[in-house]
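Colleague: Here is a sequence with its predicted model. Questions after.
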2 protein chains.
Amino acid sequence: MKQKATLKQIAKELNVSVSTVSKALSNSPEISEPTKKRVQEFAKLKNYKPNNVAVNLKSKRSRTIGVIIPNILNPFFAKVFSGIEKAANDRGYNVITCISNESLEKEVHAMDMLSNGTIDGFILSIAEETQAVGDFKHFKEAISDDIPIVMFDRISDEVNCDKVIVDDFDSAVHAVNHMIKLKCKNIALLSTIDNLSVGKLRAEGYYKALADNNISVNDNITILTDNTEDFDEKLQTLFDKKIDGIFALDEHASVMAMKAAIKKGIKIPDELNVIGFADGVWSRRLTPSLSTVSQHGPEIGDAAANMLIDRLEAKEGEEPEYQTKVIKTELRQRDSTRKL
Amino acid sequence: MKQKATLKQIAKELNVSVSTVSKALSNSPEISEPTKKRVQEFAKLKNYKPNNVAVNLKSKRSRTIGVIIPNILNPFFAKVFSGIEKAANDRGYNVITCISNESLEKEVHAMDMLSNGTIDGFILSIAEETQAVGDFKHFKEAISDDIPIVMFDRISDEVNCDKVIVDDFDSAVHAVNHMIKLKCKNIALLSTIDNLSVGKLRAEGYYKALADNNISVNDNITILTDNTEDFDEKLQTLFDKKIDGIFALDEHASVMAMKAAIKKGIKIPDELNVIGFADGVWSRRLTPSLSTVSQHGPEIGDAAANMLIDRLEAKEGEEPEYQTKVIKTELRQRDSTRKL
DNA sequence: AACATTAACTTTTACGGTTACATAATTTGT
DNA sequence: ACAAATTATGTAACCGTAAAAGTTAATGTT
């Protein structure tokens, strides 16, 4: 239809050279005021916008970040994503999103698809399958190709890059200690993410807190698995055992356990205290509302985006050292735990 | 660091011209087999990947879709987004995401930022503020600049473009009819999205169903608002009235109403049937689980992406007529409604 | 032998914008 | 009054790729 204005067209219509137009529009002092005004007004009239693709080609940077997320339906990732998007936009960057769907192949494919000038760097959380298989070649390749990566939440020590994490271990220790202070003696440990690095760290935090308080681990009230069906089945018999606390490492475990307890007629928080890792609005909407370890998703995203952009915009040779930033969690006490 | 391979470099190292390399890599019949093999092998060795930005500049298309979403934390939008992302990827397109956060300004800014060759077309759902203000200039501008738009869910009749919607009106009629069949006489209408086009359509569906069944509207058991605090306040007194059914137009209204009813000791579904619009996993996790009008978010996204790409890839002059595609909803009967 | 065809490359142009360098015109310095 | 400096603009190279158009040499045709 109506083709868009280019420098060339404007130059021709104003009888000046392309470079004059270019300089006038970037307000270069090389161009006289009257000419600048003439060009700028004409450009505005024609609704001229520099073709971003051409600018990218010339400048060899796209001001675009590739974000690879395992699952956007997970509210934690959605929150982190919104933090990334906001921070990136504030600094003039766009965000290309790929969803790995926890698949190594999709992760590799996404990185491949974007590592050709399309993006300047990646922000990602490792797919479940990738963590299981332990194949991190694609990350290392990108980095050696000079495409920086910032990993968040699910990270790998094998890959040397910037990272943003939550202090999963400490958070778990803290949460479990809190339950012990509430006089819980038999705290069940529930997880459907035992395949993930974060899941393992949280479990270790639980063990640490028990050990610190001389409480022995009871395998009977421990459900560690990596799939929800398996979990739901094992959950059936959990309440046959003596339990006065539940520490759940992910949202599914938290909610299903609460639901099951309510069904059994167990009084929460009087007979049973529950703390879970959760990020959705739903922990508040549950009846009773769930006390959670809140991970500050948006802050994680914000930190990751800023870390990446700082590196991208660092002068050659002045790139900062790789760092791992820890975002503090917060224990949000709601109605599923007694007040101290 | 290690700079990436370009056609020029490969050409120099193999002592052929750039175009020979280009053609060899695209398997052109103009190039002899031995040369092709030599070039292709060398390119593979050097891990050559065509610079996407250069290709985009040359071809004047970016194979990238701009997606503008009001709020990614809303599970409906997250589902639609995942549908878009998948369909786009399957057809070799990337997705740049912007979150308007329900703000007109951010929506305009996002479109501006991307309408310069960065993307080939938009998929979007109109921001709340934009619908309130009724300012659709930015959409019309994009379309007249030959950047196609596909709107989903929140659309505007004022803008002539492809659209994907749910049959909100019919879905509501159907759901309310179902409740009437369950012998509900006093069905409350609850909404916190009365400012949105979809909210209004659903409310109209409710009125239609009542009218069809000769039930008069009772304003005492109707809460139509556009903010959650106002809603929560009005909800306090709702259960003082005689109610045997609740039809909730959004997730917040659904959940808060159920929570309040349970607190009052009202038996669901025996004394009260509840149907709500909801998309998260949580309708299933509620106790009792919530019967919902499911909107098939991923299908909406899939349809939108394919509609856009079909238009983008249509031959000049052979673009299809603008169409509005309606995705059927489904009434998912769970435990908050009696069985017929 | 004279010319047409074809295979296999190379040269050139183009995409749209930026920018180092060149040139012309004007002003300043002495 | 004439060289030097300054101002204002133009020319051309470049980013990396694609492809139209041009070149060369070998083969085929009559």
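Modeller: In hand now; what should we look at? Numbers count the residues shown, from 1 in each chain, chains lettered A, B, ... in the order given.
Colleague: Kindly provide the distance from A:Val16 to DNA strand D.
Modeller: Counting by Cβ to the nearest atom of the strand, to the nearest Å, the gap from A:Val16 to DNA strand D is 4 Å. Every C-beta, even on glycine, is put in place using the N, C-alpha and C of the backbone.
Colleague: Correction: the previous question concerned A:Asn227.
Modeller: Applying Cβ to the nearest atom of the strand to A:Asn227 and DNA strand D gives a distance of 43 Å.
Colleague: Repeat that for A:Tyr207.
Modeller: For A:Tyr207, the distance to DNA strand D - Cβ to the nearest atom of the strand - is 52 Å.
Colleague: Tell me how far that residue lies from chain B.
Modeller: Applying Cβ to the nearest Cβ, to the nearest Å, the value for A:Tyr207 to chain B is 28 Å.
Colleague: can you check A:Arg285 too?
Modeller: 5 Å.
Colleague: ditto for A:Arg38
Modeller: Taking Cβ to the nearest Cβ, one finds A:Arg38 at 23 Å from chain B.
Colleague: Could you pull up the residues touching that residue?
Modeller: By Cβ atoms under 8 Å, 6 or more residues apart in numbering or on different chains, A:Arg38 lies in contact with A:Leu14, A:Ala24.
Colleague: Check whether the helix or strand hosting it comes near DNA strand D.
Modeller: Taking DSSP states H and E as the criterion, A:Arg38 maps to helix A:33-45. Yes. Using Cβ under 7 Å from any atom of the strand, helix A:33-45 reaches DNA strand D at A:Pro34, A:Thr35.
Colleague: Give the buried residues for that helix.
Modeller: A:Lys36, A:Val39, A:Gln40, A:Phe42, A:Ala43 (16 or more other Cβ atoms under 10 Å in any protein chain shown).
Colleague: Identify the residue nearest the second one in space, chain neighbours excluded?
Modeller: With Cβ to Cβ, 6 or more residues apart in numbering or on different chains as the criterion, A:Val39 has its nearest non-adjacent residue at 3.8 Å, and that residue is A:Ala24.
Colleague: what does A:Gly297 give?
Modeller: The shortest distance from A:Gly297 to any non-neighbouring residue, by Cβ to Cβ, 6+ apart, is to A:Lys79 (2.7 Å).
Colleague: likewise A:Thr329?
Modeller: Nearest non-adjacent residue to A:Thr329 (Cβ to Cβ, 6+ apart): A:Ser171, at 4.2 Å.
Colleague: what does whatever helix or strand the residue nearest to A:Val39 lives in rub up against?
Modeller: Using DSSP H and E, A:Ala24 sits in helix A:18-25. For helix A:18-25, the external contacting residues (Cβ under 8 Å, 6+ apart) are A:7-8, A:10-11, A:14, A:30-31, A:35-36, A:38-40, A:43, A:48, A:50.
Colleague: any idea how far that helix is from the chain center?
Modeller: With Cα atoms, centre = their mean, to the nearest Å as the basis, helix A:18-25 stands 42 Å off its chain's centre.
Colleague: do it and DNA strand C meet?
Modeller: Yes. Helix A:18-25 is in contact with DNA strand C by Cβ under 7 Å from any atom of the strand, via A:Val18, A:Ser19, A:Ser22, A:Lys23, A:Leu25.
Colleague: measure the most centrally placed residue in chain A to DNA strand D for me?
Modeller: For chain A, the residue nearest the mean C-alpha position is A:Val80 (4.0 Å; Cα atoms, centre = their mean). Using Cβ to the nearest atom of the strand, we find A:Val80 at a distance of 33 Å from DNA strand D.
Colleague: need the helix or strand of chain A with the lowest average pLDDT.
Modeller: None of the helices or strands of chain A scores lower by mean pLDDT, DSSP states H and E than helix A:282-285, at a mean of 81.
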